[in-house]
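Asks: I would like the atomic coordinates for the input below:
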Amino acid sequence: MTTVAVRHKVSDFEGWRTVYEEHGAVRKEHGTTGDLVLRDAQDPDEVLVLTYWPSAAEARAFLEDPSLKETMGRAGVVGAPRIEVYEEAGA
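Replies: Here you go, the predicted model:
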């Protein structure tokens, strides 16, 4: 399993959340198996999103989808997001 962690600041969390949910269909088209949205306890406009993928290839295909950058802009992401891809470590 692969997890993508995206951390970014948003101008307005509620507005961002609406656009994020609209973009869910694109995540599903690329094969996501789920997600988790977290807000910083001190700054509610600092967001950490974890998305889960069957493989790194599917995750990277989503990250390269041209709609992602456009959607982040429309959602009010401030500055460059920090995006990291993690693979599950075996026991």
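
Asks: make it CA atoms for all contacts and neighbour counts henceforth
Replies: Noted.

Asks: spell out the secondary structure type for the spatially closest residue to residue 75 that is not a sequence neighbour.
Replies: Residue nearest to residue 75 in three dimensions, not counting chain neighbours: residue 16, with 4.5 Å by C-alpha to C-alpha, 6 or more residues apart in numbering. Following DSSP: H, G, I helix; E, B strand; the rest coil, we place residue 16 in the helix state.

Asks: residue 8 should be in a strand, yeah?
Replies: Yes: when three-state DSSP is applied, residue 8 is found to be in a strand.

Asks: strands of this structure, start to end?
Replies: 2-10, 34-39, 46-53, 77-87 (DSSP state E).

Asks: just the angle between the third one and strand 34-39, please?
Replies: Relative orientation of strand 46-53 with respect to strand 34-39: 170 degrees, computed using axes from the mean of the first three to the mean of the last three C-alpha atoms, to 10 degrees.

Asks: redo the strands of the chain as CSV? Include mean neighbour count, mean pLDDT and distance to residue 69.
Replies: Below are those laid out as CSV (neighbours: other C-alpha atoms under 10 Å; pLDDT from 0 to 100; distance: least, C-alpha to C-alpha, whole Å):
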stretch, mean neighbour count, mean pLDDT, distance to residue 69
strand 2-10, 20, 97, 13
strand 34-39, 13, 98, 18
strand 46-53, 20, 98, 15
strand 77-87, 14, 95, 10
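
Asks: ok so, going back, so the residue nearest to residue 75 is in contact with residue 76, correct?
Replies: Yes: Residue 16 lies in contact with residue 76 (C-alpha atoms under 8 Å); the separation is 6.2 Å.

Asks: give the contact list for residue 15.
Replies: Residue 15 makes contact with 75-76 under the criterion C-alpha atoms under 8 Å, 6 or more residues apart in numbering.

Asks: confidence score at it?
Replies: Residue 15 is assigned a predicted lDDT (pLDDT) of 96.

Asks: look up how far residue 35 lies from it.
Replies: For residue 15, the distance to residue 35 (C-alpha to C-alpha, to the nearest Å) stands at 18 Å.

Asks: got it, and residue 80?
Replies: In terms of C-alpha to C-alpha, residue 80 sits 21 Å off from residue 35.

Asks: sorry, back to before: closest one to residue 21 among the strands of the chain?
Replies: The closest of these to residue 21 is strand 34-39. By C-alpha to C-alpha, the value is 10.7 Å.
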